[in-house]
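In: The following block contains a protein sequence and its predicted model.
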4 protein chains.
Amino acid sequence: MLVVMQEGAAETQIQQVIDRLVVMGFTVHRSTGSTHTLLGGVGPVDDFEPGDFEVMSGVKECHRIVSPYKLANKSFRPQGTIVEVKGVRIGGPEVIVIGGPCSVENSDNIEACAEIVAKAGGRGLRGGAFKPRTSPYSFQGLGEEGLKMMRRAAERHNLIVVSEVMDRSQISMMAEYVDVFQLGARNMQNYNLLRELGNVRKPVLLKRGIAGTIEELLLSAEYIMSGGNYDVILCERGIRTYETATRNTMDISAIPVVKALSHLPIMADPSHGTGRRDKVLPMARAAVAAGADGVLVEVHPDPDHALSDGAQTLKPEQYATMMDQIRAIAIAVDRFIQPAK
Amino acid sequence: MLVVMQEGAAETQIQQVIDRLVVMGFTVHRSTGSTHTLLGGVGPVDDFEPGDFEVMSGVKECHRIVSPYKLANKSFRPQGTIVEVKGVRIGGPEVIVIGGPCSVENSDNIEACAEIVAKAGGRGLRGGAFKPRTSPYSFQGLGEEGLKMMRRAAERHNLIVVSEVMDRSQISMMAEYVDVFQLGARNMQNYNLLRELGNVRKPVLLKRGIAGTIEELLLSAEYIMSGGNYDVILCERGIRTYETATRNTMDISAIPVVKALSHLPIMADPSHGTGRRDKVLPMARAAVAAGADGVLVEVHPDPDHALSDGAQTLKPEQYATMMDQIRAIAIAVDRFIQPAK
Amino acid sequence: MLVVMQEGAAETQIQQVIDRLVVMGFTVHRSTGSTHTLLGGVGPVDDFEPGDFEVMSGVKECHRIVSPYKLANKSFRPQGTIVEVKGVRIGGPEVIVIGGPCSVENSDNIEACAEIVAKAGGRGLRGGAFKPRTSPYSFQGLGEEGLKMMRRAAERHNLIVVSEVMDRSQISMMAEYVDVFQLGARNMQNYNLLRELGNVRKPVLLKRGIAGTIEELLLSAEYIMSGGNYDVILCERGIRTYETATRNTMDISAIPVVKALSHLPIMADPSHGTGRRDKVLPMARAAVAAGADGVLVEVHPDPDHALSDGAQTLKPEQYATMMDQIRAIAIAVDRFIQPAK
Amino acid sequence: MLVVMQEGAAETQIQQVIDRLVVMGFTVHRSTGSTHTLLGGVGPVDDFEPGDFEVMSGVKECHRIVSPYKLANKSFRPQGTIVEVKGVRIGGPEVIVIGGPCSVENSDNIEACAEIVAKAGGRGLRGGAFKPRTSPYSFQGLGEEGLKMMRRAAERHNLIVVSEVMDRSQISMMAEYVDVFQLGARNMQNYNLLRELGNVRKPVLLKRGIAGTIEELLLSAEYIMSGGNYDVILCERGIRTYETATRNTMDISAIPVVKALSHLPIMADPSHGTGRRDKVLPMARAAVAAGADGVLVEVHPDPDHALSDGAQTLKPEQYATMMDQIRAIAIAVDRFIQPAK
């Protein structure tokens, strides 16, 4: 860590900072310039707040130098991580597509979704059993019954199952049905849930919060990994900005940024990232072009009558077109997507 | 609700929208202009997504007209709500100050905090027992033991107890010690927790998320209220913007906006809103001047050695100065703060 | 336009709104529902502020229905606009690449840049002659001398010349040297300059401001077009958000959004959009995949010694690699980029 | 400046950075820790981009240590600056109020405005002669004629005149009529205009751009000051965030932040900061409570018929009430506002 003293900071102020650093276990390097004194602290301590130093008198700025995350850091596994789930390898040369409805609605519907997804080359089935809705008066999901339906449909079509966990109490029940636990954007910093998922032996698909920085996303991954579960898949799904033409602003640049900082795979969710069906195709193409390891999309046989999120859900033919388009893009970036059946 | 058709929308497109509205139970008013057709839908249905109509062909825009929240709406209780907790009335002429450390650290420390808070005219003691920390390697709180310490200290100084609940499983245990459940910014849209707090018969201090809109804050209040718990106190604590000079940008204008839209009281938390001790005083003054019903601040006998959030925690003398300053401001806006003892 | 009255608005309040609408020349359609009254105004008037109605007593909301821009609107030219400059067609099947240094530095340097750009299939040479710098102490550009150098270099390599105009007084001088006037992000709402460019008979490359909405970008295009200059090329170059891992957040979704709202071509500038050389390639790929009509990049024979913006400027070999990559992406989306020479 | 090398950076990479620093004229201090090497550069050079180092191989981060602004820096004049205009002292104990219409409309109207402003204790008259409007079809201002009207009205009521300059060409003409040049938010980074205003010998009221950081605001002040004009008054007027309940989010915390970083006075504009008349009063109170040196508001005898910005313009009685309220707040923070006449 590094402390920059203010111009003209008094020697006693400098000594107070040095003393505090030494008490915390840092070795201090002092560098006295013509206008500013710099204090470099080297030590085993990572758990400090730069702000604690910035409020000391005579201090101008304090910078953390070592990344606050270690296990999620690129240097921990420079070759990159491939998360393997029943033969599906996320983070390798194949770009994985996971599709399905916003919520599991009924048995026929999820079967129809699974067929659509698999036929065009998708690898996973997604669907919510517990729906976090902004309004308390909206449809709230089918729960365990929905997961059973989804499991059966997925197995018939040889797809892996991805579903969102919303509460610690759901984990053990869900573990019977899902292959990948999805952690929703609203829970990116739900630390109790993150910690619990660290004890699970199934991969976690961790979505970026709408106000989450990339550093915070990696720190949330660190929470899970510090419990021993290294199979974390990150997911960009749009951040909140001033622009209202799209529901969120999909931060495509997060994909190359994460690739440079971390070894973890990263997917993209253009359905939530844009909120509008007609924007899903171009943004899925953009994500794959930028290097995403997979795409998560909402698709439904009849989105206009879907129980939730219809506006951002693809129609079957749009999904098939998207698959063709991103298959071509994947080739252009030296990767591939499973052929349609 | 209102649907605006695109310029030159075909009659069949207009009919499709009308049909869908009728199926949903709306009475439709049609207004045909020279360039645009407007369809006004009036009905008992609130649970729809404007986006579902906006993706229909020929539709330009869809607007929700009735607020999606009812119980939190000003019109539900135009005279305003006063939340009463052991004689402390939040939302009335008195501006309430609740202070204390970020985390409960030990028995002596919380006692010292309670004394500082009460002496200068504070009415409540705050302190975390479960600490949601961004890094998994940071101090995580004392749990129930901390709550016991806080309860004892608060009672000695005649303060109400406010502490953050982070998980449904903590509610029944915490109910023995706290007077007000605080719901943190990260959990503003944790709907399971919101629903559970709707069944509790203690007030909830609901903090705005760092990416939460004012409408979403009111919808979260609605979640709690729809369970039967009408004692919700809102709290502005800063939103995430591009500006980095402060940790968050405290949206002081949220105070008059909430006052116009809702009957619920609203407090302000300048400690989290700014992240820096030296900015807490001016922002506490600004919040009271703008009409806040209370102020929530972090104070500690020795913030430089606090276990968490030291940089934004007031020193005892700063807290006393703040109390004098906001007492003067309260008078200027025809309200009052309890005198110092 | 549409005015939604508050629940229980008095008849006199409704009449006041109707009166005001009538005075402004609107024909009013009234629709009385069980809770709300809606007033639809149809008329020749576009120049009003919804806010002016929203502050009237009894009014809940006011929505503009007709787009505030007409000439930039898709409906004005549904088939799309192709801007043609000396045989280069922007907005057609070819994806255009315009490259060059941040600032024109000297004759040899711009010649080297032009050669790099042209050799790999680029179509235009960019370079600043007047540099808007955040600090008053930075290099400010070569002015007319720089434009002369750029013109000569461009002609030798058969490239069109694009350079930024910063002030009305520069227009007539610049018109001798440039083929396309670039309007920088900071001037997106410099209305005097926009109006003046409306009188010019050369295309304008209009960059989105870092806080500009897509609607505001189209309104700025409207300013230029209302003067008679219909050759406007839009450019996405990143917006300001809370994320600091990249200098700006490139809003790739703006590309399909603009394509749906307007007939104007849109390019992307991944150099300014990311601020970091290593992010330029993936974001150029993403932009082309999303449907951009062109890419604007900074390239320099030796970016580490460039006089400005070195960090975001591509090295020659990176530029050549980018061209190969986006050429493959262009094919995947049924478009093409000129082959390398 | 400080360069942090990556963990395990090679000695050759470290030497490359050292070489570059030395070439630029820095004296280099090297500090080798167990994981990271730090290089501190001390020297006369301020004009560098941290990003230029961050793209060098082996470099993790580069931080600027010395503020990029000097003349606007608090340390340049620790006692603070008072801008004096015809006896009105901005930055001293008096809190200055400047009011008037959005645009000068006609002679009677501006006279009526001046009377309203002066009567309640205002000190300056504001009004636009050149109106930067988002739509090219809106009213564009009266120009010089408007300035003449404003000058006469202001003199009759002993007010100083503040009006916005939009283009370099207007400066010499405007100088005959205005006491303070206002630089609008959209021009905060119009460097040609800033530089020109550095040569003027009248104060400049510099508004923060809607996407401007506080550091950028101070750099823009530096531009003006580096030309020799030290009489710069800053003005907070709202920034663009994701919240849509107000037109902009007024960053009240910018007031204490600027007070800590700079010696320049800072005012607040709650009219533009909120966009809604009913939010102006609480935000004016908040600004004065937070330490603003003045308030700039829009007031009009009949805002519902104002030619522009009516929704955010105060009615005369609201203005008078605001003055009473902020006069009380000013006293509470040991300052004062001129009494009403």
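Out: Done, it's in.
In: buried sites along the helix ranked longest in chain A?
Out: Longest helix in chain A by number of residues, with DSSP state H as the criterion: helix A:316-332. By neighbour count on 16 or more other CB atoms under 10 Å in any protein chain shown, the buried set for helix A:316-332 is A:316, A:318-320, A:322-323, A:325-330, A:332. C-betas here are computed from N, CA, C, even on glycine.
In: Can you check what angle separates it from helix C:316-332?
Out: Calculated by axes from the mean of the first three to the mean of the last three CA atoms, to 10 degrees, helix A:316-332 forms an angle of 150 degrees with helix C:316-332.
In: coming back round to it: and which of the buried residues of helix A:316-332 is nearest to chain B?
Out: Proximity of those to chain B (CB to the nearest CB) peaks at residue A:318, which lies at 11.0 Å.
In: follow-up on the earlier one: on contacts alone, who are the packing partners of the longest helix of chain A?
Out: Contacts defined by 3 or more CB pairs under 8 Å, 6 or more residues apart in numbering or on different chains; DSSP states H and E place helix A:316-332 against strand A:96-100, helix A:107-119, helix A:277-290, strand A:294-298, helix C:316-332.
In: Spell out which residues of the stretch 201-341 of chain A are next to chain D.
Out: A:240, A:241, A:242, A:244 (CB under 8 Å from any CB of the partner chain).
In: can you narrow those residues to ones near chain C?
Out: Okay, of those touching chain C (CB under 8 Å from any CB), that's A:241, A:242, A:244.
In: Can you tell me which of those residues has the lowest confidence score?
Out: Taken together, these show their lowest pLDDT at residue A:244, with 89.
In: For chain D, what's its nearest residue on the stretch 51-200 of chain A.
Out: Nearest residue of the stretch 51-200 of chain A to chain D: residue A:65, at 5.1 Å (CB to the nearest CB).
In: so that residue touches residue A:2, yeah?
Out: Yes. In this structure, residue A:65 is within contact of residue A:2 by CB atoms under 8 Å, at 6.0 Å.
In: what residues do the two have in common as contacts?
Out: D:4, D:38 (CB atoms under 8 Å, 6 or more residues apart in numbering or on different chains).
In: what's the burial count for residue A:338?
Out: By other CB atoms under 10 Å in any protein chain shown, the residues close to residue A:338 number 17.
In: quick one: residue A:281 and residue C:49, what's the gap?
Out: Distance from residue A:281 to residue C:49, counting by CB to CB, to the nearest Å: 36 Å.
In: Neighbour count: these two, which is higher?
Out: When neighbours are counted by other CB under 10 Å, residue A:281 comes out ahead of the other of residue A:281 and residue C:49, with 22 against 19.
In: Spatially, which residue comes closest to that one, not counting chain neighbours?
Out: Nearest residue to residue A:281 in three dimensions, chain neighbours excluded: residue A:322, at 5.0 Å (CB to CB, 6 or more residues apart in numbering or on different chains).
In: For chain A, what lies in contact range of chain C?
Out: With CB under 8 Å from any CB as the criterion, chain A meets chain C at residues A:211, A:213-215, A:239, A:241-246, A:249-257, A:260, A:273-274, A:278-279, A:282-283, A:285-291, A:325, A:328-329, A:331-333.
In: Can I have the buried ones of those as a PyMOL selection?
Out: Typed into PyMOL, the line below selects the buried ones among the residues of chain A next to chain C, using 16+ other CB under 10 Å:
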select buried, chain A and resi 211+213+214+215+239+241+242+243+245+246+249+250+251+252+253+254+255+256+257+273+274+278+279+282+283+285+286+287+288+289+290+291+325+328+329+332+333
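In: re the thing from before, turn the residues of the stretch 201-341 of chain A next to chain D into TSV, including secondary structure and distance to residue D:338.
Out: TSV is the format used below for these (DSSP: H, G, I helix; E, B strand; the rest coil; distance: CB to CB, whole Å):
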residue	secondary structure	distance to residue D:338
A:240	coil	43
A:241	coil	42
A:242	coil	38
A:244	coil	42
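In: Break down the stretch 151-300 of chain A into its helices, ranges please.
Out: Along the stretch 151-300 of chain A, the stretches classed as helices by DSSP state H, counting those that start in this stretch are A:171-175, A:191-197, A:214-225, A:254-261, A:270-274, A:277-290.
In: Now mean pLDDT and distance to residue C:202 too, for these, in CSV please.
Out: Shown next, in CSV, are the helices of the stretch 151-300 of chain A (pLDDT from 0 to 100; distance: least, CB to CB, whole Å):
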stretch, mean pLDDT, distance to residue C:202
helix A:171-175, 95, 62
helix A:191-197, 90, 56
helix A:214-225, 94, 41
helix A:254-261, 96, 35
helix A:270-274, 90, 35
helix A:277-290, 96, 30
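In: tell me the domain boundaries of chain A?
Out: Domain segmentation of chain A under automatic domain parsing yields A:2-63, A:74-332.
In: And these: which comes nearest residue D:28?
Out: Residue D:28 lies closest, by CB to CB, to one member of these: domain A:2-63, at 9.8 Å.
In: distance between the ends of that closest one?
Out: 5 Å (CA to CA, to the nearest Å).
In: Average pLDDT for it, rounded please.
Out: On average, domain A:2-63 scores 80.
In: quick one: it to chain centroid distance?
Out: Distance of domain A:2-63 from the chain centroid (CA atoms, centre = their mean, to the nearest Å) equals 35 Å.
In: quick check, that domain touching chain D?
Out: Yes. Interface with chain D: domain A:2-63 contributes A:2, A:4, A:7-8, A:27, A:29, A:31, A:33-36, A:38, A:40, A:42, A:60-61, A:63 (CB under 8 Å from any CB).
In: In strands only, show me the residues you listed.
Out: A:2, A:4, A:27, A:29, A:31, A:38, A:40, A:42, A:60, A:61, A:63 (DSSP state E).
In: Looking at those residues, which one is closest to residue D:177?
Out: Using CB to CB, residue A:60 is the member of those that sits closest to residue D:177, with 43.0 Å.
In: is it true that the closest one touches residue A:4?
Out: Yes. Taking contacts as CB under 8 Å, residue A:60 lies within contact range of residue A:4: 4.6 Å.
In: of those two, who's got more company?
Out: Taking neighbours as other CB under 10 Å, residue A:60 and residue A:4 compare with residue A:4 leading, 24 against 18.
In: one step back: more neighbours: residue A:65 and residue A:2, which one.
Out: For residue A:65 versus residue A:2, neighbours defined as other CB under 10 Å are more numerous around residue A:2 (26 against 20).
In: Make sure the more buried one is actually in contact with residue A:42.
Out: No. The pair residue A:2 and residue A:42 does not pass the contact test of CB under 8 Å, sitting 9.9 Å apart.
In: Next up, the contacts around residue A:332.
Out: A:289, C:285, C:325, C:328, C:329, C:331, C:332.
In: Count the neighbours of residue A:108 for me.
Out: Residues near residue A:108, counting by other CB under 10 Å, number 11.
In: which residues touch it?
Out: By CB under 8 Å, 6+ apart, the contact list for residue A:108 is empty.
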